[in-house]
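Participant: Provided below for reference: sequence and predicted model.
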Amino acid sequence: MTAVPASAAVLEEVTVTAQKREESMQDIGISVTAFSGDQMKALGIENAADLVVHTPGLNAVSPFGAGSNVAFTLRGVGLNDFSESNEAPVAVYVDGVYNATLAGIGFQLFDIERAEVLRGPQGTLYGRNSTGGLVHFITRKPTPEKEASVELTLSEYDQVRVEGNASGGLTDRLWARASILYNKHDGYIENTNPGVADAGETDNISGRVQFLYQQSDDLEFLFKVHAGESDQVGAAYKHTASMVGEDGFDSVEVPADVDIYGTCAGCDLTGYRDTTGDFYKTENNREPFVKLDTFGSSLNIDWTVGDFDITSITAYEDVEKQFGEDTDSGPAPFIEVTNPVDSEQWSQEFQIQKSAERSRWTAGMYYYMRDINSGTRTDLSRETFIGFPANNNTVTQDETDSWSLFGQYEYDITANTTIIAGLRYTDEEREFDMVVTDENGILPDPAFAFTEATAGGLTKHDTDNLTYRLEINHHFHDDLLVFASTAKGVKGAGFNIDLGIDPRTVEDIPFDEEELFSYELGFKWTLLNGAVRFNSSVFYYDYKDYQAFSFEGLSNVVSNKDASIYGLDAELVASPWEGWDFNIGLSLLDTEVEDINTGVSVIDRELAMAPEATFNALARYEWEAMNGVMSVQGDMQYVGEQYFDITNTTLGTEDSYSVGNLRASYLTASGKTQFSVWVKNVTDEEYRIYAIQVPGLGFSQSMIGQPRWAGVTISHNW
């Protein structure tokens, strides 16, 4: 008997829960991209950031490299601030639980049922309000029937990746599922400095255990515990000697024949310039490291009482991280930064839903508390920084306490037309303390203090706000949905970090909440008896008090500015012939941030991490062979020119680039065993994923993308 393909069609339509109930993605007036777990396997999506390759308008920001802080940017809405306590405007959920701490988001994916990416403000149905959208990962749940699978990947850089899971009934009513992942590989950035390990090395293990108890057909309990441990040699920065441009604020490369700092031609302030001549080589003297421990648990209760569906989600998340870098990326001691993070988060969500013949409604309450202790230790070379404070310690305590009431109502005006209205009220308090000390005694003790005693009410944000969603959906026929919506999202106020180098006042620390007003018009069209899906939206975002991040002098600063975004998303999914699948995605953006202060002028600029155009494409063919099924596929992503900083500097500009991947697989006749060979970044494209400009110290930091990477994967299901 010929095997059935593992996922039928890699691009099959996925049932989503974007509106808190199972629906076809083609029947909801929300711009959403979704993947089943089988699709993610076939597409080579192994970690949260891999989604960007196949999702129009989605980008991932990782200032410290893979495995550390990850923040998503969606339709140009995002956060490129690397402060540990800040939250991203694109929220990340796992099984309905919001993950606040950026250090805990760059996780490996394993035993996943599906992933959903929702664009635009989300708050009238979800626990934590978000301005840009959300990314939701749903794991596979326990089953009454026994099942198990194992997957082994061997690849370049001595990678060994093992994933396994087992599920089954312990009793008639109690089912369990256990999932585990181990991933290890060597560094892919060679360090030519003797005795210092190659950068980008990973060694992590993660596990998850779930118990599902069905008290009755109307009441069930799902308890989950997950934990992970990661020990990495971080991905080192690529160094570029830089200087301030002629306009007084631009960051440009130091000419190779010019000695701008009195050290040597083409060099930075320390007398260093990159001489390796290789994109994947570095000479940093300090071994960068990331040590990450995560733990979490949750209890989901689903209860049906008459016509009402009631859900409770109680969750706890703990993230502990130690991070260290060679900030200047050179062979001599100059600047070294170390960041500790200890974050605890509690959340409680209640929802109640009811459906009638022509109406549906959801109401909920959400409570969220996070306590994060963090800071920055900055070690400066005394030989270089005569008179500067060396060995600074910045210690912060950040507490957030938030509760919300939210609801959404849908009414079918006619059989083809539905109106939707949602409202959310949020009350949030945030308290922040920060103390900077200089261990060498050059500055007073403390060097800077932002506490209630020194800053009074500036250390607290106490805000409340109303956000909303209004939408109308009309089916011109069963296969064509047109929708129009407007929504408001709010991201909470925050605080800047003082590194103890640049002078600050207490008034520089707080920044206000941001508001985003969204206006969107779109359609979802299914053609050729379901063989083709074409979805597209145009949108306008009006930002009030956008939280704009910039690196001013030697410090990172968030300030409130007005901004606007015009854009278009489009996705075409087609299976026009037997065995063939195609996917094409496009995102176009036009962005503007007003009144950016460069230090010498006030000008309008474009948003950071918001390329004007991104394009993704995939082609896949499968056929019967050797009494099983063979498949080959190729995919690529084009990313247009983008800026890594809000001032749009020369060295902070990344030219357009394209990354392609190839995969070939064989599924045996039993449908249980699959062999795959794959190559990522086939052309070995050299590109940057982030950059920070520090022309005042004579260098630019660049975080680079991974090189070509080939391997084999074998999986078996029982």
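Facilitator: On my side now, so go ahead. Numbers count the residues shown, from 1 in each chain.

Participant: which stretches of the stretch 451-600 of the chain form helices?
Facilitator: For the stretch 451-600 of the chain, the helices defined by DSSP state H, counting those that start in this stretch occupy 452-455.

Participant: I figured Glu452 hits Val435, correct?
Facilitator: No: counting by C-beta atoms under 8 Å, Glu452 stays clear of Val435, with 11.9 Å between them. For every residue, glycine as well, the C-beta is placed using N, CA and C.

Participant: Settle it for me: which of the two has more neighbours?
Facilitator: Set Glu452 next to Val435 and count neighbours by other C-beta atoms under 10 Å: Val435 wins out with 20 against 12.

Participant: Name whatever forms a beta bridge with the more buried one.
Facilitator: Val435 forms beta bridges with Val395, Ala449, as assigned by DSSP bridges.

Participant: What separation do you get for it and Leu292?
Facilitator: 25 Å (C-beta to C-beta, to the nearest Å).

Participant: so where do the strands sit in the stretch 551-700 of the chain?
Facilitator: 555-574, 580-597, 602-605, 613-625, 628-639, 642-643, 653-654, 657-667, 673-680, 688-694, 699-704 (DSSP state E, counting those that start in this stretch).

Participant: The stretch 1-150 of the chain too?
Facilitator: Using DSSP E, counting those that start in this stretch, the strands found in the stretch 1-150 of the chain span residues 15-16, 23-24, 32-36, 58-61, 71-74, 90-94, 97-99, 112-119, 133-139, 147-155.

Participant: Point out the most buried one among these.
Facilitator: Stretch with highest mean neighbour count among the strands of the stretch 1-150 of the chain: strand 71-74 (a mean of 27; mean count of other C-beta atoms under 10 Å).

Participant: Export that strand to CSV, keeping only CA atoms.
Facilitator: Extracted C-alpha coordinates of strand 71-74, given in CSV (Å, rounded to 0.1, in the frame of the first residue of the first chain):
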residue,chain,number,x,y,z
ALA,A,71,11.5,40.2,19.7
PHE,A,72,9.2,40.0,16.7
THR,A,73,8.5,42.9,14.4
LEU,A,74,5.2,42.7,12.5
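
Participant: other SSEs contacting that strand?
Facilitator: The contact analysis (3 or more C-beta pairs under 8 Å, 6 or more residues apart in numbering; DSSP states H and E) places strand 71-74 against strand 58-61, strand 90-94.

Participant: Switch those over to JSON lines, and while doing so, append mean pLDDT and distance to Tyr126 to every line.
Facilitator: Formatted as JSON lines, those follow (pLDDT from 0 to 100; distance: least, C-beta to C-beta, whole Å):
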{"stretch": "strand 58-61", "mean pLDDT": "86", "distance to Tyr126": "17"}
{"stretch": "strand 90-94", "mean pLDDT": "91", "distance to Tyr126": "7"}
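
Participant: Can you lay out the ones you listed as a markdown table showing distance to Glu317?
Facilitator: What follows is the helices and strands packed on strand 71-74, written out as a markdown table (distance: least, C-beta to C-beta, whole Å):
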| stretch | distance to Glu317 |
| --- | --- |
| strand 58-61 | 20 |
| strand 90-94 | 9 |
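
Participant: Tell me which of the ones you listed sits nearest to Asp38.
Facilitator: Among those, strand 90-94 comes nearest to Asp38, with 18.8 Å by C-beta to C-beta.

Participant: quick revisit: to Asp158, which of the helices and strands packed on strand 71-74 lies closest?
Facilitator: strand 58-61 (25.2 Å).

Participant: and that closest one, what other elements does it pack with?
Facilitator: By 3+ C-beta pairs under 8 Å, 6+ apart, strand 58-61 packs against strand 71-74, strand 688-694.

Participant: Could you dump those into TSV with mean pLDDT and distance to Phe511 added?
Facilitator: Below are those laid out as TSV (pLDDT from 0 to 100; distance: least, C-beta to C-beta, whole Å):
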stretch	mean pLDDT	distance to Phe511
strand 71-74	86	17
strand 688-694	86	19
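
Participant: picking up where we left off before, of the strands of the stretch 551-700 of the chain, flag the one that's most buried.
Facilitator: Taking mean count of other C-beta under 10 Å, strand 699-704 is the most buried of these, at a mean of 26.

Participant: Direction included, what does that strand pair up with?
Facilitator: Paired neighbours of strand 699-704 in the sheet (DSSP bridges): strand 238-244 (antiparallel), strand 688-694 (antiparallel).

Participant: Just give me how far that strand sits from the chain centre.
Facilitator: Taking C-alpha atoms, centre = their mean, to the nearest Å, one finds the center of strand 699-704 at 20 Å from the center of the full chain.

Participant: Which residues does that strand contact?
Facilitator: Contacts to strand 699-704, defined as C-beta atoms under 8 Å, 6 or more residues apart in numbering, come from residues 62-65, 189, 235, 237-242, 251, 253, 268-269, 279-280, 327-330, 651-652, 686-694.
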